[in-house]
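Chemist: Here is the input, now give the coordinates:
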Amino acid sequence: MKKLLALLLVAVMLFSFAACGGSDDTGSTGSAAADDFKIGIICLHDENSTYDNNFIQAIYAAQKELGLKDDQVLVKVNIGENEACYNAAAELVDEGCNIVFADSFGHETYMIKAAKEFKDVQFCHATGTKAQVENLPNYHNAFASIYEGRFLAGIAAGMKLNQMISEGKITADQAKIGYVGAFNYAEVVSGLTSFYLGVRYICPSVTMKVQYTNSWFDIAKEKEAALNLINSGCVLISQHADSEGAPKACEEKGVPNVAYNISTISMGPNTAIISSKIDWTPYFKMIIENYKAGKAIPTDYCGTIETGSVALTELNDKVAAPGTAEKIEEIKAKLISKEIKVFDTKTFKVGGNELTTYSADVVDMGDFKPETEAIENGAFTESSKRSAPYFDIKYIDGISE
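Modeler: Below is the predicted model:
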C-alpha cells in the first residue's frame, strides 16, 4: 500500500509540473501557447526609411527584452497604403500571427477590413484615428505625445541659434530656420509648430519657413527642399520627412540640422545636433504582454515621456551648443510637471490674436468637420482627446509656408 501511495504521489507531482510549465534552458517559464505566439509588423517602406527603421528597430528591441524567438516576429516591408496592406495582414494571419501591427496612416482602412474578417487576431495601427469610432474589440490605434519631444528638440536648436548669435555668425534678426515637411497633415503641422515653439522658448527672435515635398519618402525632393530653404537664408534645418535627403543637404552646406526618428550623426557628423523620436518599444512590449496575459489592449493609446515613448537620440556634442544637455533636462522636467505646456495659448498668436477657442476634428467620421473644443485651461489639448495629433493650425505667427 505504501509503495502504491508513493507512486501515486510521484504521478501527481509530474502532472502538476507539466500543467504549470517547466523551465527551458534560458531559465524562462511558459507554456506551449507562449511559444506559439507571433506578431507581424507591416511597414510602408524598409530600413532605408528613417520612419520605418524606427519601428523595425523597436520591435527587435522588444523581441530581445521579452525573449521572443526570431520566428515569432515577422516583418513585411514596402507595403503600400492600398489593398497590398490587407493582403499582407491576411498573409500574417495565415502564418499564425496573433497580433498584426501597421505603421502608416494610409494603412488604416485595410487594417480595419482585416480586423473585421479575422476576429480572433488583434490589429494595432500607428497614427490612426478610427479605433474610437469603429468600436471593434480587436482593432486599436496608438501614437505618442511626440509634440513634447519636438519641443525638446527645438530647445537644442534654440541653444544653437543663440550660440551663433553670440559668436557673431548671425544677428538676432537672421535667426531664420527651415522645416522640410512631407504633407500639411495635422501630424506634420503639430510637429513643426511644437518644434518652433521650443526654438522660440530659447531664441525669441526666430522665424521659420516651411516647404512640403508631398511625399513621405523622397530623397531627391527632401534634399531639394532643404537646399531651397538654405538658399533662402535659413541657418538651421529640421524636418518631418523620412529620408536622409535633408540631413545630407545640411552636411554639404555646413548648416546645423535637427532630425526625426533616428540619429543622423553618421550622415551629418559636422551638422547633426539631435533627433526626436517616438520609441515604440514600450508599446510593442505592452501589447505583447497584454495579449499573452489575456488582458485587453487599449483602444487608443498615447505614450508619453514618462512611459519612455517620447525620446531624444544622442546629442552630438561636437555640434550642439554648450549647456544644451542640461537645458534639455531642465525643460523635460518642467514638461513632466506641467509647469510648461507646449501649446500654452499665452505663448503664441494666430493672426496677431491669442486663441481662446478652437474646434478640431477629433472624432473621425470621415467628414473632415471639426466638432471638438480643443482649448482647455489656456492650452491646446493635443493628443489628450485622441492619440493621433489634431493640431492643424496653419500657422501660428512666426511660421510661413
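Chemist: use CA for all of it now, contacts and neighbours both
Modeler: Noted.
Chemist: Could you say which helix or strand holds residue 40?
Modeler: Residue 40 belongs to strand 39-42 when elements are defined using DSSP states H and E.
Chemist: Give the other helices and strands that the helix or strand that that strand is followed by contacts.
Modeler: Using DSSP H and E, the next helix or strand after strand 39-42 towards the C-terminus is helix 50-66. Here helix 50-66 touches strand 73-76, helix 281-293, going by 3 or more Cα pairs under 8 Å, 6 or more residues apart in numbering; DSSP states H and E.
Chemist: mind putting these in JSON lines, distance to residue 388, mean neighbour count and mean pLDDT included?
Modeler: As requested, the helices and strands packed on helix 50-66 are arranged in JSON lines below (distance: least, Cα to Cα, whole Å; neighbours: other Cα atoms under 10 Å; pLDDT from 0 to 100):
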{"stretch": "strand 73-76", "distance to residue 388": "23", "mean neighbour count": "18", "mean pLDDT": "98"}
{"stretch": "helix 281-293", "distance to residue 388": "15", "mean neighbour count": "17", "mean pLDDT": "98"}
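Chemist: For residue 136, find the nearest of the ones you listed.
Modeler: Nearest to residue 136 among the helices and strands packed on helix 50-66 is helix 281-293; the distance by Cα to Cα comes to 16.0 Å.
Chemist: Quick one: list the elements packing against that closest one.
Modeler: helix 50-66.
Chemist: quick one on the thing from earlier: list the neighbouring strands of the strand holding residue 40 plus their orientation.
Modeler: According to DSSP bridges, strand 39-42 has the following sheet partners: strand 73-76 (parallel), strand 99-102 (parallel).
Chemist: Contacts for that strand next, please.
Modeler: Judged by Cα atoms under 8 Å, 6 or more residues apart in numbering, the contacts made with strand 39-42 from elsewhere in the structure are 72-77, 79, 85, 88-89, 92, 97-103, 288.
Chemist: ok, now stretch 278-291?
Modeler: Counting by Cα under 8 Å, 6+ apart, stretch 278-291 makes contact with 39, 54-55, 58-59, 61-62, 66, 99, 144, 146, 261, 296-297, 303, 307-311, all of which sit outside it.
Chemist: Could you export stretch 94-105 as CSV, CA atoms only?
Modeler: What follows is stretch 94-105 as a C-alpha-only set of coordinates in CSV (Å, rounded to 0.1, in the frame of the first residue of the first chain):
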residue,chain,number,x,y,z
ASP,A,94,-2.2,32.7,-42.2
GLU,A,95,1.4,32.5,-40.8
GLY,A,96,0.0,32.3,-37.3
CYS,A,97,0.3,35.9,-36.1
ASN,A,98,-1.8,36.7,-33.0
ILE,A,99,-1.1,40.5,-33.4
VAL,A,100,-0.7,42.4,-36.6
PHE,A,101,0.7,46.0,-36.5
ALA,A,102,0.9,48.5,-39.3
ASP,A,103,2.9,51.7,-39.2
SER,A,104,1.5,54.2,-41.7
PHE,A,105,-1.6,56.4,-41.7
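Chemist: so for that stretch, what's the average pLDDT?
Modeler: In this model, stretch 94-105 carries a mean pLDDT of 97.
Chemist: again with stretch 315-333
Modeler: Within the predicted structure, the mean pLDDT of stretch 315-333 is 98.
Chemist: Show me what counts as buried in it.
Modeler: Taking 16 or more other Cα atoms under 10 Å as the basis for neighbour counts, the residues of stretch 315-333 that come out buried are 315, 316, 319, 320, 321, 324, 325, 328, 331, 332.
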